[in-house]
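Participant: sequence and predicted model, in that order:
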Amino acid sequence: MKFRPLHDRVVVKRIDAEEKTAGGIIIPDTAKEKPSQGEIVAVGPGGRDEAGKLIPIDVKVGDRVLFGKWSGTEVKLDGIEYLIMKESDIMGVIVEEAARKKAA
């Protein structure tokens with residue numbers, strides 16, 4: 001199934017949290033917090049300002065983003081859980097180290 005969000009909404013797939021801590025302690029499923037980062041799966045065309053002009057969205061499909069713990073609405077499409085949220089609920093885009101070194 002294809003899903004296209006409207007206006008300034010994005011569809012995010014959560015990225016699972018680590019199973020172990022840095023010290024090697026295994027975290028059981030019951031003690032894990034919901035991850036607050038994910039990958040953008042789909043984006044809407046953007047919001048509109050007071051004059052009706054389209055304001056494009058800053059994130060794109062494939063970006064890894066950070067968002068608030070209680071952000072978005074959880075939905076299940078084709079058996080996979082996603083979050084639908086407004087672009088304003090996204091705190092920032094995670095930039096990978098390799099990409100930064102390559103650009104420099």
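Facilitator: Yep, it's here.
Participant: so the spatially most distant residue from the centre of the chain: helix, strand or coil?
Facilitator: The outermost residue of the chain relative to its centre, with distances by C-alpha atoms, centre = their mean, is Ala51 at 28.9 Å. State at Ala51, reduced to three classes by DSSP: H, G, I helix; E, B strand; the rest coil: coil.
Participant: quick one: the strands in the chain?
Facilitator: With strands called from DSSP state E, the chain shows them at 9-14, 37-43, 47-48, 54-55, 64-67, 73-77, 80-86, 90-94.
Participant: shaky segments in the chain?
Facilitator: 1, 17-35, 97-104 (pLDDT under 70).
Participant: same thing but 80
Facilitator: The chain contains residues with pLDDT under 80 at 1-2, 16-35, 96-104.
Participant: just the strands of the chain: most buried one?
Facilitator: Mean neighbour count (mean count of other C-beta atoms under 10 Å) peaks for strand 9-14 among the strands of the chain, with a mean of 21. Just so you know, the C-beta spots here come from the backbone N, C-alpha and C atoms, and that holds for glycine as well.
Participant: list the neighbouring strands of it plus their orientation.
Facilitator: Applying DSSP bridges, strand 9-14 is found paired with strand 37-43 (antiparallel), strand 80-86 (antiparallel).
Participant: how about those strands in TSV, adding distance to Lys60?
Facilitator: As requested, these are exported to TSV (distance: least, C-beta to C-beta, whole Å):
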stretch	distance to Lys60
strand 37-43	7
strand 80-86	15
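Participant: out of those, nearest to Glu96?
Facilitator: For the strands paired with strand 9-14, the distance to Glu96 is smallest for strand 37-43, at 12.2 Å, taking C-beta to C-beta.
Participant: what sits up against that closest one?
Facilitator: Under the criterion C-beta atoms under 8 Å, 6 or more residues apart in numbering, residues 3-5, 9-15, 57, 59-67, 82-83, 94 lie in contact with strand 37-43.
Participant: how far off strand 90-94 does it point, in degrees?
Facilitator: Strand 37-43 and strand 90-94 meet at an angle of 100 degrees, taking axes from the mean of the first three to the mean of the last three C-alpha atoms, to 10 degrees as the criterion.
Participant: the residue lying closest to Val93 once chain neighbours are set aside and Lys76, how far apart?
Facilitator: Distances taken as C-beta to C-beta, 6 or more residues apart in numbering put Asp63 closest to Val93, at 5.1 Å, once the chain neighbours are dropped. Asp63 is 22 Å from Lys76, where distance means C-beta to C-beta, to the nearest Å.
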